[in-house]
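Trainee: Kindly return the folded structure for what I paste below:
(chains A and B)
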Amino acid sequence: MKQLESINDFVVRFATVNGSGSASANNLFAKAVFRMGVPVSPKNIFPSNIQGLPTWYEVRINERGHVGRRGDVDLVVAINGQTLRQDYDGLVPGGYFVYDSSRPLPEDFCRDDVTTVGIPMTTMCNEAFDNAKMRPLLKNIIYVGALAALLDMEPEVLVESLRKQFRKNPALAEPNIRALELGYAYARDHHAGACKLTVRRSDRVGDAIIMNGNNAAALGAIFAGATVVGWYPITPSTSIIEAFGRYAEQFRTEEGTGRIKAAIVQAEDELAAIGIVIGASWNGARAFTATSGPGISLMTEFLGLAYYAEIPAVLIDVQRVGPSTGMPTRTQQSDLLACAYASHGDTKHPLLFPCDPKECFDMTADAFDLAERLQTPVIVMSDLDLGMNDHYGPPLAWDPQRRYDRGKVLDAAQLDALTTRWGRYRDVDGDGICYRTYPGTHPDKGVYFTRGSSRDEYAAYTEDNAAYVRNLERLRLKWETAKRLLPLARIKLNDADARLGVVFYGSTTPAAYEAIELLRDRGIAVNSMRIRAFPFQREAFDFILAHELVFVIEQNRDGQMRTLLINEGGLPPDKLVPIASYDGLPVASRFLTRALEEALAERGVILPKNTPDRGGTP
Amino acid sequence: MTFFRPTFRHPELPPNAAGYRRQDYEGGISTLCAGCGHDSICNAIIQACFELALPPHRVVKMSGIGCSSKSPAYFLAKSHGFNSVHGRMPSIATGANMANRDLIYLGVSGDGDTASIGMGQFMHAVRRNLDMLYIVMNNGCYGLTKGQYSATADKGSKSKKGGINELESIDLCELAIQLGAGFVARSFSGDKQQLVPLIKAGLAHKGLSFIDVISPCVTFNNNPESTKSYHWVREHSEATNTFDLVPFQQTITAEYDGDTVQEVALHDNSVIHLHKHHDAPDITDRRQAIDNLEDHKAQGVILTGVLYINPDSADTHEILHTCERPLNSLAEADLCPDGQILEAINAAHR
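Mentor: You can find the predicted model right below:
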């Protein structure tokens, strides 16, 4: 048998039961890899359940900084009896199967291409610790310790992490450290040299952080000055609001009074959540909501009102698997069409597509400026993978000189200084954006009536056809203005003569870049475009038109981005080849490489075989 | 429906304490049917705001969809208004109130807008005790879609077309009392003498004030067998009490011949003087208030007036512990953390 051999390039998967406290142990492992200077990417694959169902935690370790999901598992720590078989069968040839040998493996676990590593975790744990309540948690730490020995990691990094984790409760640190040492010693003494996968200290991490996108988005809202939140709990967006609440308590407590400079209202449903955001924004506060697909469906009525009555609103859509309830704890990019054209009538909404925590932070903050400048809802399109998993990426940064762009709002002095009649929906600047006022600004100037029904330039109700058309045409002009304000796509021209292009966005980004690199290694030059916003700018269409064939990679079945591109750009559909990964797991680079190969082979381009992707596969 | 309004105003009519004249509180010309109860309610709102001397621009008027929800266009032309979507006024009002707690929020809705499509939003605005006055113009039917029964239509009531409502009716006042509104009242659009002080008290109360105003639909639900007709309501209503609101700047001027006087001090130090029979229930007791409503209902009588008051209820801002300054007045210095904080956060994620 040829065992997998690799230094700093492999995939470890933990198979556990949810609600057993394994997540923090698994995270301890991932953090330790990161603290040894090696880029790492953990993915929590969990059920829509609180306790007792299978859950997996997949850690990709990659020296070269490829932190998308790779696909395939090189080493599995199989703790969950329910999935033992599946975890065993799923290992790649040459892989490693680490299991709890307190009970023997069933006899039919007899692959000859897998190395089994037994650690009697339960027995060890029961012998070492009296506290029955703590045992399950400490058992988790035992396997982390064993894994550290198998992978030849620096145990002191893990010990240090545990001390950090329990710094507020040092008494708890002690048994945890003991469990770690027990596991480490057992594997060292009984399985020395058994595993040829190694984590070796490196210097590839630099100033990178690992953070989940929801946390970053919450910080973006804090720094951007959001004060009103209307929300309804929904996986996977809830942690944005929870984080915002924690940060608000930390950074928004008023000196002297102890009161909070924010209002977080848990609404009765998503209809009310977005209503609260719209009411607050209308009244001059920066307001936002975070939701997921089912919430977006409910919010569409109000989104139409905000579009038509021209009220800012910021939404963060942490997408999950649809349709309907779908798979609430799995990831997808499948709300694009629902968001882009949400609501009845001619409506469209600017979308932003962050690809890492830093962009979750930046784009959430920018969304407030954009929504207020454009007086319209802006939706940040995150997803479960980006939002809930820890992502390796650049640190967050905020320019202290930055001022909020509150858009076109007239104060009392400006109202007094007006020489012509003010009209709420009169476009005096020619950009489709009109001046608004907040209630209570001036005793007798700047008052208007907001409504979702048709009105003229002075906000007076009208059913005059010409006035209606003028209004809709102005909204079209505003849409053009939006294109100038939104971030441009990131275009990488790897080869000026390349005939092939690849388009992707959001959390697909790291896996897509890796797949492109693999294609390049096999002699296929591909240019790439990462879309960062909707509506698309001219550059995006030019990129597509400049290539013979463009693959559009996305995590939905129907190619929703492709549909948007074709629809908005009037592009020939044959030019755009859909590449879809929509099973609910974060898109994997190996899957993408295969899918691109197949798509190319169908068109007569055959790639050289057997070029390893420098991963752990033999 | 009127197409013009004479510009003549009585020259002797004095301005109020804030220097505004009554016409400063008026709105556009109503497009509702002639004789619509809603127009009388608009007039009562105008009168109440005038008497309270509210600066019009400090009032925010909000509504959903329906005949009643059109009415904010017919009063307070100097106030910002927001005619939102069907049944969703309470959430818009919640957001607006969160953004600026210093303004006065007046929500107008109908029985369809509140008791059917907006039931959830209504109940939860009450639960969070949002500081606003919520008026339902209740005619028991959908006027704009030509007379279908609404959820407040009484069981057994007969429509103009002859159909009998077989469904149980929803009593919004009972719900409001149960769910924690601090001020709950019922009135009749035809009783200006009762309605104006109710609106004044509702505006003065801090927290959610709810007034259900029975407001006959002259076009679709004013037939003699309808329990929401002018005739029926006049014949079958009984007032809990007569009362007067005394804003804390003014001295008591009202005189009534009631048996006893119950005084309730509101948060802004205004005082409600209730004149009632000595054996009438205590309106600061939630259970007695609901029993009282049910007892009268059993006798076929519509109870009007103040039904329940709790002047000490905590409003949403108190519950959420938000700062006293309006959130929409805060800028970077108050809201944006120091850049070094981000450095510390980055460090904690390494």
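Trainee: Return the residues in contact with the nearest residue to A:Thr441 once chain neighbours are set aside.
Mentor: Nearest residue to A:Thr441, sequence neighbours excluded (C-beta to C-beta, 6 or more residues apart in numbering or on different chains): A:Ala412, at 5.5 Å. From N, CA and C alone the C-beta is placed, and that goes for glycine too. By C-beta atoms under 8 Å, 6 or more residues apart in numbering or on different chains, the residues touching A:Ala412 are A:Thr441, A:His442, A:Lys445, A:Gly446.
Trainee: How about B:Gln47?
Mentor: So B:Gln47 contacts B:Arg22, B:Lys192, B:Val196 (C-beta under 8 Å, 6+ apart).
Trainee: what about it, which SS state?
Mentor: helix (DSSP: H, G, I helix; E, B strand; the rest coil).
Trainee: And the one 10 residues further on, by the same measure?
Mentor: Using three-state DSSP, the three-state assignment for B:His57 comes out as helix.
Trainee: what's the neighbour count on B:His10?
Mentor: Counted by other C-beta atoms under 10 Å in any protein chain shown, the residues lying close to B:His10 total 8.
Trainee: Double-check that it belongs to a helix.
Mentor: No - in this structure, B:His10 is coil, not part of a helix, as judged by three-state DSSP.
Trainee: circling back: quick one: which of the contacts of A:Ala412 is nearest to B:Pro56?
Mentor: B:Pro56 lies nearest to A:His442 out of these, by C-beta to C-beta, at 11.1 Å.
Trainee: I figured B:Leu208 was touching B:Met123, is that so?
Mentor: No - look at B:Leu208 against B:Met123 with C-beta atoms under 8 Å: they stay out of range, at 10.8 Å.
Trainee: quick one, phi psi at A:Trp197?
Mentor: I think there's a mix-up here, since residue A:197 is Leu and not Trp. Reported as degrees, to the nearest 10, the phi and psi values for A:Leu197 are phi -100, psi 140.
Trainee: How about the secondary structure of A:Pro93?
Mentor: Taking three-state DSSP as the rule, one finds A:Pro93 in the strand state.
Trainee: Number of residues surrounding it?
Mentor: A:Pro93: 14 neighbours (other C-beta under 10 Å).
Trainee: isn't it right next to A:Asp112, touching?
Mentor: No - shown here, A:Pro93 and A:Asp112 do not form a contact pair, counting by C-beta under 8 Å, at 9.6 Å.
Trainee: Read off the pLDDT value for the residue nearest to A:Asp346 when sequence neighbours are not counted.
Mentor: Distances taken as C-beta to C-beta, 6+ apart put A:Leu472 closest to A:Asp346, at 6.5 Å, once the chain neighbours are dropped. Listed pLDDT for A:Leu472 reads 98.
Trainee: next SSE after the helix or strand in which A:Leu472 is found?
Mentor: Counting by DSSP states H and E, the element that carries A:Leu472 is helix A:465-485. Counting by DSSP H and E, the element after helix A:465-485 in chain order, helix or strand, is strand A:490-492.
Trainee: Which positions in that next one come out as buried?
Mentor: Across strand A:490-492, burial judged by 16 or more other C-beta atoms under 10 Å in any protein chain shown covers A:Ile491.
Trainee: Now that strand: average pLDDT?
Mentor: 98.
Trainee: Return the list of strands paired to it, each annotated with direction.
Mentor: strand A:526-531 (antiparallel) (DSSP bridges).
Trainee: Extract the CA atoms of the strand it pairs with and return them as CSV.
Mentor: Extracted in CSV, the C-alpha atoms of strand A:526-531 (Å, rounded to 0.1, in the frame of the first residue of the first chain):
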residue,chain,number,x,y,z
VAL,A,526,-7.7,30.9,-18.7
ASN,A,527,-8.6,34.5,-17.8
SER,A,528,-10.8,35.2,-14.9
MET,A,529,-13.4,37.7,-13.7
ARG,A,530,-14.7,37.8,-10.2
ILE,A,531,-18.0,39.7,-10.2
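Trainee: And the contacts of that strand?
Mentor: Contacts with strand A:526-531, where a contact means C-beta under 8 Å, 6+ apart, come from A:353, A:355, A:489-495, A:498, A:500-505, A:509, A:512-513, A:516, A:519-520, A:540, A:543-544, A:547, A:561.
Trainee: Show me which of those are buried.
Mentor: Buried by 16+ other C-beta under 10 Å: A:353, A:355, A:489, A:491, A:498, A:500-505, A:509, A:512-513, A:516, A:519, A:540, A:543-544, A:547, A:561, out of the contacts of strand A:526-531.
Trainee: In space, what's closest to B:Gly207 - neighbours in sequence excluded?
Mentor: Using C-beta to C-beta, 6+ apart, the closest residue to B:Gly207 is B:Gly182 (3.7 Å).
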